[in-house]
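*Asks:* sequence plus the predicted model coming up.
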Amino acid sequence: MKQKSQNRFLAALLAVAMMLQMLPMLAFAEDTTGTPVAWNKKKNKSYTSLVDAVRDADSGDTITLGKGNYTLYGTPSTGTTSGKDLTFVGQGTEETAWNIGAEVPDPANFGTEYNGDYSFDGAGTVTFKNMTLRSGNANYLGFIRANNTVVDNCVINGKTFYWGYQSAEFINTTFNAPNFDYALWTYSSPTMTFDNCTFNATGKVINVYTDYSAGKHDIRVYFNNCTVNSYSFGKQALNINDSNMGNYKYRIHISGNNSINGSVYRDKVTCSR
């Protein structure tokens with residue numbers, strides 16, 4: 001009898017352990033409105049609203065997202081993301097997507113920053129992992145006034161200008177640029193790093209240029225172990241224009257095993273100290 005009681009006790013413990021392991025998966029079940037939930041492991045809480053998840057999060061928390069489309073566009077950063085370091089982890093680039101800015105940029109704001117996304121205004125370090133980030137093909141799109149941004153193992157569709165105002169880092173990320181346009185500008189980031197990234201474009205890839213911070217400081221671009229797939233003759237993978245930088249320069253650091261496929265013009269100058 002004693003052995004049977006011990007077996008029942010062990011079986012009950014195993015069942016509890018299995019349930020605890022399944023909690024994150026259960027958290028991604030869709031609610032009655034079809035909205036995917038988010039999960040904060042440290043707090044051991046799930047949310048049916050992304051806004052509620054970031055409002056409740058502490059700096060340094062990781063929010064895991066379920067399948068579906070997400071955005072914080074239009075949500076004030078005060079009381080949600082401002083002053084926080086936050087990490088968002090998706091279920092993979094085919095399952096989880098994050099929309100940067102409005103679904104359709106306002107034509108009245110073309111040529112200005114006001115089509116950008118202010119949802120991380122004042123945030124510390126914002127990290128995106130294992131998802132697709134969606135932008136448009138208008139100018140001056142991106143996350144405005146976050147200190148640092150990290151994009152890890154993601155896909156970025158569209159064109160962006162604004163990333164971390166101190167640094168932006170892209171790791172194992174694939175960029176799909178709009179037709180005959182850049183994937184991104186080094187517009188707001190004094191330091192921008194590309195590590196093991198792939199760029200799919202029709203010629204132009206990175207516009208190493210700013211007018212926002214021109215003449216204020218050097219801008220450094222690190223390009224390491226990257227692949228450029230481009231099919232337009234006469235376009236540099238990195239277009240560098242420091243004519244408005246005064247005594248400051250763009251510092252380009254190219255290292256590792258980089259490759260450029262297709263008919264892309266290769267400038268003789270490839271690096272700067």
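*Replies:* Noted; the coordinates are in hand. Numbers count the residues shown, from 1 in each chain.

*Asks:* any idea of the mean pLDDT for stretch 122-138?
*Replies:* The average pLDDT for stretch 122-138 rounds to 96.

*Asks:* in that stretch, which residues are buried?
*Replies:* 123-136, 138 (16 or more other C-beta atoms under 10 Å). In this view, the C-beta of every residue, glycine as well, is placed from N, C-alpha and C.

*Asks:* please apply the same query to stretch 250-262.
*Replies:* Tyr250, Arg251, Ile252, Asn258, Ile260.

*Asks:* same check, this time on stretch 60-80
*Replies:* Quick answer for stretch 60-80 (16+ other C-beta under 10 Å): 61-66, 68, 70-73, 75, 77, 80.

*Asks:* closest one to Asn99 out of these, please.
*Replies:* Thr71 (4.1 Å; C-beta to C-beta).

*Asks:* hmm, that closest one is touching Ala97, no?
*Replies:* No - taking C-beta atoms under 8 Å as the definition, Thr71 is not a contact partner of Ala97, at 9.0 Å.

*Asks:* returning to what we had before: could you list which of the buried residues of stretch 60-80 belong to strands?
*Replies:* Within these, residues falling in strands by DSSP state E are Thr62, Ile63, Thr64, Leu65, Gly68, Tyr70.

*Asks:* residues in a beta bridge with the last one, which ones?
*Replies:* Right, Tyr70. Trp98 (DSSP bridges).

*Asks:* so which of the buried residues of stretch 250-262 belong to strands?
*Replies:* Counting by DSSP E, the members of the buried residues of stretch 250-262 that fall within strands are Tyr250, Arg251, Ile252, Ile260.

*Asks:* can you name the two of the residues you listed that sit furthest apart?
*Replies:* Pairwise distances across those peak at 20.5 Å for Arg251 and Ile260 (criterion: C-beta to C-beta).
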